[in-house]
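In: would you be able to build a 3D model of this:
(2 chains)
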Amino acid sequence: MTLLEAEGLETIYGEPCGDCTDYTGDRAGTNQCPECGSVVACADVSLDVEPGEVLGIVGESGSGKSSVAELLALEASGDGQVDGEVTLAGHDGNLLDADYQTRHEIRTDEIGLVHQHIRDGLDLSFTGGGNVAEKLLAAGWRNFGDVRERVRELYAATEVPVDRMDDPTDTYSGGMQRRVQIARALATDPEVIVLDEPTTGLDVSVQARVLDTFRRVQREQNVAAVVVSHDLSVVRLLADRTVVMRHGEVVETGLTDRVMEDPHHEYTQTLINSVI
Amino acid sequence: MTDTERAVTTLESDSIDDAVAELADDGLSGYNFAYLDEHTKREVRRAILKGIAIPGHQVPYASRPMPLARGWGTGGIQASLSLLGPDDTFKVIDQGADESVNAANIRRLADRTADVDTTSDTTNADVIQTRHRIPEEVMGDDQILVLQVPITDPLRKVDGSDAANRRRHAHKNYGRMWVHLYENVVEWGEIKISSRYPTMVAGRYLMDPSPIPRWDVPKLDDADNLFVFAAGREARIYAVPPHTEVEPLAFEDESFQVERFPDQSCDACGSDDTFLTEVETDDGRRVYSCNDTSFCAKRQDDPAIPKDHHRDASGVDWGPGTPDSEDGSTAPSGGDGQ
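Out: Numbering: from 1, shown residues only, chains lettered A, B, ... in the order given. Okay, the predicted model is just below:
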């Protein structure tokens, strides 16, 4: 049974002329329409995630990874024109067309997003614990003791020092903030979480800790995940299957080991050679 | 008389003093009843009716300039003057006191322009305009309390964007306010929001009950009277109709608490079941006294007089109970005589 399925995802910024998707993409070698100048952030992206599976999305910067992640997490930024279909097991119909209330409930209970930019995901004026608690309180938790206990649990699970939970989030280190975001995304036991560049701006040793923590928590709680990264080693470490994107389109899909060891598409070959 | 004719009349006077003297008799007869013009009053009433229809929802209205600086009760005056009729009796309270300059001036404006009777007795008033207090004496279904409101949106303290807050209200998305309460408990061990306590109205809208102390918040729940909240600067009106469920936000295990005055009673009347304020006397002593001065005066005449002495039904009560009552609790009681 497929948990999360996306069909023909498309985000265009600007005023599309109608032929934008024909003039852009991998073969055209650009994501900007030469006719009207609109930017096709992603087009015709289809993928699916099974329960408990980790799907990696790799590609160079500007290849549309984050646009896909936003659509999957139902957090479309607003100014782009969106098309396509996202379905989640247990819910009827296209969630991109669902009303605000339904999307809000799904974002609270079933799909967690770890933002690329800390400021999009956390409110730095709240305490770290408060940021995690917000998710629980939004989901209707009304018992202070239970909320505290759950926040403590999540801090322990994501290896953030529990005695720092009542400090303002802006006093946390970058790595801690990233882990608090993961704790927040996991707070309501979602079915799937979307990580957008989970290691941006972290040094290698902290990256390793964040990834280790995530891998352990992901396995223990058996939550499905979509990991978006420009860093092949992140995806190699975490993902069961990998999607390679370029100029807004998917150029290759396969088991992570297969994609890494036997890349078929020319761009994937270049990408892997340049890393290794 | 047209404007031109009046201008000519003015020019015919020998001096400005003469001109002023000529106009002296016109006085307030030149004003419409209750100062505001009829269209304005109708609009304000319409906003009040809409507010009653959607309890706790902030209804915009075209707040007029008043002969008073915005932020000094201009919203309250517009609501009061729109509600007052010639036979009504009007009372104005400024933080519990009838005799503050601002309260006296507002009362005088209504007296002059609407020719209504004014009073300082809560039980005699038809319309009571108040700044930051609800009277100690229980109000009835024939009375209206108009509260002056400086800040209309309870969410503004957690997010400065009104646009974002309107969306939150539309979707009943109050997660951020809950985080604010959570952090309050983390910091203080209990919810220590001193005024403007975030309050759920009829299970739908989060409302700013104006800067009344926590002591007064339980009085809003299931009351017999209508509460009208009016903000002049922010041009918003909202209302709590009679017998509406009003619930201060709190956790299941960290309940809402009113202010406590352990071992204190009013220096003037001896009450220990009223909201007290600490004052320093001329000789430097610090004493507590009733904040509601008109009820304090009654208590000074008769110390045993209950807050519902004027009501037919017995056991009608509101606000916090007496701390040393039999059950020993200071738990807030509703308007149904608990």
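In: then B:Ile128 would be within a strand, right?
Out: Yes. When DSSP: H, G, I helix; E, B strand; the rest coil is applied, B:Ile128 is found to be in a strand.
In: surely B:Arg107 is within a helix?
Out: Yes. B:Arg107 sits within a helix when classified using three-state DSSP.
In: and it, how many neighbours does it have?
Out: 23 (other C-beta atoms under 10 Å in any protein chain shown). For every residue, glycine as well, the C-beta is placed using N, CA and C.
In: likewise the one 10 residues further on?
Out: Around B:Asp117 there are 15 other residues, counting by other C-beta under 10 Å.
In: look up phi and psi at it.
Out: Backbone torsions for B:Asp117, taken as degrees, to the nearest 10, come to phi -80, psi 140.
In: doesn't B:Thr89 make contact with it?
Out: Yes. Judged on C-beta atoms under 8 Å, B:Asp117 makes contact with B:Thr89 at a distance of 4.5 Å.
In: wasn't A:Glu85 part of a helix?
Out: No. Going by three-state DSSP, the assignment for A:Glu85 is strand, not a helix.
In: which residues does it bridge with?
Out: A:Glu7 (DSSP bridges).
In: got any ranges where the stretch 101-250 of chain A has weak pLDDT?
Out: By pLDDT under 70, the stretch 101-250 of chain A has no low-scoring segment.
In: try it again at 80.
Out: Applying pLDDT under 80 to the stretch 101-250 of chain A flags residues A:201.
In: what parts of it come near chain B?
Out: A:101, A:104, A:123, A:126-127, A:129-131, A:133-135, A:137-138, A:142-145, A:147, A:166 (C-beta under 8 Å from any C-beta of the partner chain).
In: A:Val49 pairs with what?
Out: A:Leu4.
In: just the endpoints, please. Distance across stretch A:222-238?
Out: End-to-end distance of stretch A:222-238 (C-alpha to C-alpha, to the nearest Å): 13 Å.
In: please apply the same query to stretch A:166-182.
Out: Across stretch A:166-182, the terminal residues are separated by 17 Å (C-alpha to C-alpha).
In: and the contacts of that stretch?
Out: A:114-115, A:118, A:121-132, A:158-161, A:164, A:193, A:195, A:198-199, A:201-202, A:206, A:209-210, A:213-214, A:217, B:186-187 (C-beta atoms under 8 Å, 6 or more residues apart in numbering or on different chains).
In: now those residues: which count as buried?
Out: With neighbours counted by 16 or more other C-beta atoms under 10 Å in any protein chain shown, the contacts of stretch A:166-182 contain buried members at A:114-115, A:118, A:121-123, A:126-132, A:158-160, A:164, A:193, A:195, A:198-199, A:202, A:206, A:210, A:213-214, A:217, B:186.
In: for chain A, give me its nearest residue in the stretch 1-150 of chain B.
Out: For the stretch 1-150 of chain B, the residue closest to chain A is B:His57, as judged by C-beta to the nearest C-beta, at 17.6 Å.
In: ok, and the closest non-adjacent residue to that residue?
Out: B:Tyr205 (5.3 Å; C-beta to C-beta, 6 or more residues apart in numbering or on different chains).
In: hang on, the earlier thing: the residue of the stretch 1-150 of chain B closest to chain A reaches B:Gly51, doesn't it?
Out: Yes. Counting by C-beta under 8 Å, B:Gly51 is a contact partner of B:His57 at 6.7 Å.
In: get me the contact residues on the stretch 151-300 of chain B for chain A.
Out: Counting by C-beta under 8 Å from any C-beta, the residues of the stretch 151-300 of chain B close to chain A are B:171, B:173, B:175-176, B:178-179, B:182-183, B:185-187, B:251-254.
In: chain center to the top helix by length along chain A: distance?
Out: Selection of the longest helix in chain A by residue count, based on DSSP state H, yields helix A:204-221. Centroid displacement of helix A:204-221 relative to its chain, using C-alpha atoms, centre = their mean, to the nearest Å, is 15 Å.
In: from the contact counts, what lies against that helix?
Out: Packing contacts for helix A:204-221, counted by 3 or more C-beta pairs under 8 Å, 6 or more residues apart in numbering or on different chains; DSSP states H and E, involve helix A:144-157, helix A:174-186, helix A:232-238.
In: can you tell me which of those helices is packed in deepest?
Out: Using mean count of other C-beta atoms under 10 Å in any protein chain shown, the stretch among the helices and strands packed on helix A:204-221 with the greatest mean number of neighbours is helix A:174-186 (a mean of 25).
In: past that helix, which element shows up next along the chain?
Out: Using DSSP states H and E, the next helix or strand after helix A:174-186 towards the C-terminus is strand A:192-196.
In: that next one packs against which elements?
Out: When contacts are defined as 3+ C-beta pairs under 8 Å, 6+ apart, strand A:192-196 packs onto helix A:65-72, strand A:111-114, helix A:174-186, strand A:224-229.
In: buried residues in stretch A:13-31?
Out: Neighbour counts using 16+ other C-beta under 10 Å place A:Tyr13, A:Gly14, A:Pro16, A:Cys20, A:Thr21, A:Tyr23, A:Thr24, A:Gly25, A:Asp26, A:Ala28, A:Asn31 of stretch A:13-31 among the buried residues.
In: so which of these are in strands?
Out: A:Tyr13 (DSSP state E).
In: please name the nearest non-neighbouring residue to B:Ser265.
Out: Nearest residue to B:Ser265, sequence neighbours excluded (C-beta to C-beta, 6+ apart): B:Asp272, at 4.1 Å.
In: got the phi/psi numbers for the closest residue to B:Leu155 other than its chain neighbours?
Out: Spatially, and ignoring its direct neighbours in sequence, B:Leu155 is nearest to B:Asn165 (4.2 Å; C-beta to C-beta, 6+ apart). When read as degrees, to the nearest 10, the backbone of B:Asn165 gives phi -70, psi -40.
In: how many neighbouring residues does B:Asn165 have?
Out: 21.
In: hang on, it packs against B:Ile151?
Out: No. Between B:Asn165 and B:Ile151 there is no contact under C-beta under 8 Å: 11.4 Å.
In: quick one: the helices in the stretch 1-150 of chain A?
Out: A:20-23, A:65-72, A:100-109, A:118-121, A:128-138, A:144-157 (DSSP state H, counting those that start in this stretch).
In: any idea how many residues pack against B:Ile237?
Out: If you count neighbours by other C-beta under 10 Å, B:Ile237 ends up with 32.
In: roughly how far apart are the residue in the stretch 201-338 of chain B that chain A sits nearest to and A:Phe144?
Out: Shortest the stretch 201-338 of chain B-to-chain A distance, computed as C-beta to the nearest C-beta: residue-wise this is B:Phe251, at 4.0 Å. From B:Phe251 across to A:Phe144, the span is 4 Å (C-beta to C-beta, to the nearest Å).
In: give the residues shared as contacts by these two.
Out: Overlap of the contact sets of B:Phe251 and A:Phe144 (by C-beta under 8 Å, 6+ apart) consists of B:Tyr182, B:Val185.
In: report pLDDT for the residue nearest to B:His57.
Out: In this model, B:Tyr205 is scored at 97, pLDDT.
In: residue contacts, it?
Out: Residues near B:Tyr205 by C-beta under 8 Å, 6+ apart: B:Ile54, B:Pro55, B:Gly56, B:His57, B:His169, B:Lys172.
In: pLDDT check: weakest of those?
Out: On pLDDT alone, B:Lys172 ranks lowest of those, at 91.
In: middle-most residue in chain B, spatially?
Out: Centroid check for chain B by C-alpha atoms, centre = their mean gives B:Leu147 as the closest residue, at 2.4 Å.
In: for the strand or helix carrying that residue, enumerate its sheet partners and note whether each is parallel or antiparallel.
Out: According to DSSP H and E, B:Leu147 maps onto strand B:144-148. Strand pairing for strand B:144-148, determined by DSSP bridges: strand B:127-131 (parallel), strand B:226-231 (parallel).
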